[in-house]
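K.L.:
Build me a structure from this.
(one chain, ligands or ions: 2)
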Amino acid sequence: MANLNLKSVEQRTFDAIVIGSGISGGWAAKELTEKGLKTLVLERGRDVKHPVDYPTTNKMPYEFEHRLEVPLAIKENEPIVSRCYAFREDSMHFFVKDSEQPYVQEKPFDWIRGYQVGGKSLLWARQTQRWSDFDFEGPARDGFAVDWPIRYKDIAPWYSYVEKFAGISGNTDGLAELPDGDFLPAYPLNSVEAYFKEQLKTQYGNRHVISARCAHLSKPNPIHLEQGRAQCQNRTLCQRGCPFGGYFSSNSSTLPWAARTGNLTLHPFAIVDSIIFDEEAGKATGVRVIDANTLEMTEFYAQIIFVNASAVNTNQILLNSTSDRFPEGLGNDSGLLGKYFAFHNYRARITAEYEGLLEYRTDGRNPAAGGYIPRFRNLHRQETNFLRGYAGALNARRYEVEDRSGFGASLKEELLNPKWTNWKIGSHMMGETIPKAESHVSLSKTKTDKWGVPLVNIALDYDENDRNMMADYHEQFTEMFTKAGFTNIKTIDTGQAPGLDIHEMGGVRMGHDPKTSLLNKHNQLHTCKNVFVTDGACMTSTSTQNPSLTYMALTARAADFAVSEMKKRNL
Ligand SMILES: Cc1cc2nc3c(=O)[nH]c(=O)nc-3n(C[C@H](O)[C@H](O)[C@H](O)COP(=O)(O)OP(=O)(O)OC[C@H]3O[C@@H](n4cnc5c(N)ncnc54)[C@H](O)[C@@H]3O)c2cc1C
Ligand code: SF4
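P.N.:
Ligands and ions are numbered 1, 2, ... in the order given. The predicted structure follows:
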């Protein structure tokens, strides 16, 4: 926290404080600074400046000591994060190491984190789909979890707002279950993905393969160039940080935009311990912050606070914000803070081969990762033995097979004319899970981290609904693959613990009633109106869609509301 005279209360007072600089915090920073608020962004990790702090971004594979593999010693020392597919030699520096940031697993939970300016926006796979009313109305229809206090029409304009700025590629597919957005051109399906799309259309009619919608600048608009970003070059080295700003991250987009307003103060190495509640004023006045390097505690003050530390950390901060008025955590009159925590279930997979279309092969790279099969189960009626549904990822490709055993001319000949495999097709399930009271995030009563903050305790597990859903996914995809003429079909249950899907949600859910929810329809704590939670912690249910686009839209919407309330002197 350099360049601050920390003794001066005035210098520690802002209009707004944003906790966390990842996907949702970046949006809060952009919106609040653009609306003229002097905004302090507090980030527990180090600074990562676009594009200079991407040390591996231009390296060739042979320039990595272990040719992009994670060394065995690190895998053994950091088993949880090593299980994440994106944890590789070229991206390791953007992931939290298990050994450095312990937590308590009441039940096995692979918690994947990015503690730095930009958070996980540097690492995400950039899949971005809107929710529809099939998703928002899920809990009201089947009675599991509480009713969402908003519907699609409330958030639709905000989806458009964030899509235009972030840049989302996609087609206009015209599906009620997956509303279209304000898209840049889509990345096309390859020949086998397109073949499967046609097969589903003729064999089922109501099952669809679409081009994956993705936060990449397939064809930038002036607003993207103004951010200093350029067209995606299809390098698919995104997890290294993209020097072109080809994909959306806080570092390339929202944070520099906020900085340009002159209203942003960004403090890396600032761990928010808790939020200060003033009993007399009946609202929050600021936050207590621990300097990650010196352990010194400092208070910062503001009129409004946006909590965007990512779902688990946001629960941790609120639970740790105790006062006489809120002995169980800020806003926690209902006793529900930390409960009804949920995740996405990516455990079920399927692979197959296709012996046709051998006149085609894959060449070049698709940063959108292929196709997406929107949810088709339990949309218009309850038709299965599980609640809600699943979407499917889909990709197909062929692989080069080289025989390197020869010498001289024969080896050269082989390398210059590699053989190709049949098409390999793969999909994984993206399943909605049902939030339950017993699934929770809480604080350890006995253990603290090296900064003195109680460790997070996570208790989540699969249930019968998840198992029935996985069985149905395997059954339905086996049927669809068989009808399409695919062979060698293999269903896989990875058996992975919850968490690796990296879509944690809930604990501070939105709802109509303060007795059964923590936040109102504007993401405002029911009982502490100047605190807003707009990351995954606010989610009432999980749906099947990748969640980050919805966090962005909710954040922009809540920031707009917060500033209008400030102007009316309601906060
Ligand atoms: C490999 C991978 C692939 C993914 N793919 C997708 C995808 O395709 N689509 C999708 O929608 N989502 C995807 N995600 C998930 C996505 O990254 C998250 O949903 C998103 O980043 C959440 O945004 P956030 O602002 O809540 O949290 P983050 O982006 O994680 O940011 C939170 C920030 O808060 C900081 N922080 C935490 N605690 C404190 C504290 N006490 N004080 C101060 N700062 C704090 C953290 O250091 C971090 O910088 C993926 C994630 C990973 C890792
Ligand atoms: S694929 Fe696009 S966004 Fe990803 S690193 Fe390459 S240029 Fe950047």
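K.L.:
Please make it C-alpha for all contacts and neighbour counts, starting now.
P.N.:
Noted.
K.L.:
Phi and psi next, for S169.
P.N.:
With angles defined as degrees, to the nearest 10, S169 sits at phi -90, psi 140.
K.L.:
Could you give the bridge partners of it?
P.N.:
L184, C214 (DSSP bridges).
K.L.:
Distance check, it against ligand 2.
P.N.:
Separation of S169 from ligand 2 (CA to the nearest ligand atom, to the nearest Å): 12 Å.
K.L.:
which residues does that residue contact?
P.N.:
Applying CA atoms under 8 Å, 6 or more residues apart in numbering, we find S169 in contact with 183-187, 213-218.
K.L.:
give me that answer again for 10 Å
P.N.:
If you count contacts by CA atoms under 10 Å, 6 or more residues apart in numbering, S169 has them with 127-128, 163, 181-187, 211-220, 368.
K.L.:
With D90 instead?
P.N.:
54-57, 59, 61, 64, 66-70, 237, 239-241.
K.L.:
tell me the SS of it?
P.N.:
Of the three states, D90 takes coil under DSSP: H, G, I helix; E, B strand; the rest coil.
K.L.:
Let's see which of the contacts of S169 end up in helices.
P.N.:
Within the contacts of S169, residues falling in helices by DSSP state H are E163.
K.L.:
Among the contacts of S169, which ones lie close to ligand 1?
P.N.:
127-128 (CA under 6 Å from any ligand atom).
K.L.:
From what I see, L455 and V104 are in contact.
P.N.:
Yes: the pair formed by L455 and V104 meets the contact definition of CA atoms under 10 Å, at 6.7 Å.
K.L.:
Show me which of those two is the more surrounded one.
P.N.:
Comparing L455 with V104 by other CA atoms under 10 Å, the one with more neighbours is L455, at 20 against 17.
K.L.:
contacting residues for the more buried one?
P.N.:
101-104, 316, 442-449.
K.L.:
Next, the buried residues of the strand or helix carrying it.
P.N.:
Here L455 sits within strand 454-459, counting by DSSP states H and E. Applying a neighbour-count criterion of 16 or more other CA atoms under 10 Å, one finds 454-459 buried in strand 454-459.
K.L.:
after it, next one along is what?
P.N.:
Using DSSP H and E, the first helix or strand after strand 454-459 is helix 464-483.
K.L.:
Show me what that following helix is packed against.
P.N.:
helix 191-203, strand 344-345, strand 348-354, strand 390-397, strand 423-432, strand 487-493 (3 or more CA pairs under 10 Å, 6 or more residues apart in numbering; DSSP states H and E).
K.L.:
quick one, it and strand 487-493 angle?
P.N.:
Interaxial angle, helix 464-483 versus strand 487-493 (axes from the mean of the first three to the mean of the last three CA atoms, to 10 degrees): 170 degrees.
K.L.:
Report the angle between helix 464-483 and strand 390-397.
P.N.:
40 degrees.
K.L.:
check contacts around Y462.
P.N.:
Counting by CA under 10 Å, 6+ apart, Y462 has contacts 342-343, 345, 433-434, 439, 497-498.
K.L.:
so how far is Y340 from whichever residue of the stretch 351-500 of the chain sits closest to ligand 2?
P.N.:
Residue nearest to ligand 2 within the stretch 351-500 of the chain: P367 (5.0 Å; CA to the nearest ligand atom). From P367 over to Y340 the distance is 34 Å, taken as CA to CA, to the nearest Å.
K.L.:
can you give me the helices for the stretch 301-450 of the chain?
P.N.:
Ranges of helices in the stretch 301-450 of the chain, per DSSP state H, counting those that start in this stretch, are 311-319, 408-416.
K.L.:
Is there a neighbour count for the closest residue to G246 other than its chain neighbours? I'd like the number.
P.N.:
Closest residue to G246 apart from its sequence neighbours, by CA to CA, 6 or more residues apart in numbering: C232 at 4.0 Å. When neighbours are counted by other CA under 10 Å, C232 registers 20.
K.L.:
Return the residues in contact with C232.
P.N.:
216-220, 238, 242-247, 367.
K.L.:
what phi and what psi does the backbone show at F486?
P.N.:
phi -80, psi 150.
K.L.:
sorry, back to before: are any of the contacts of L455 buried, and which?
P.N.:
102-104, 316, 442-443, 447.
K.L.:
Run through the stretch 351-500 of the chain and note the low-pLDDT ranges.
P.N.:
For the stretch 351-500 of the chain, no stretch has pLDDT under 70.
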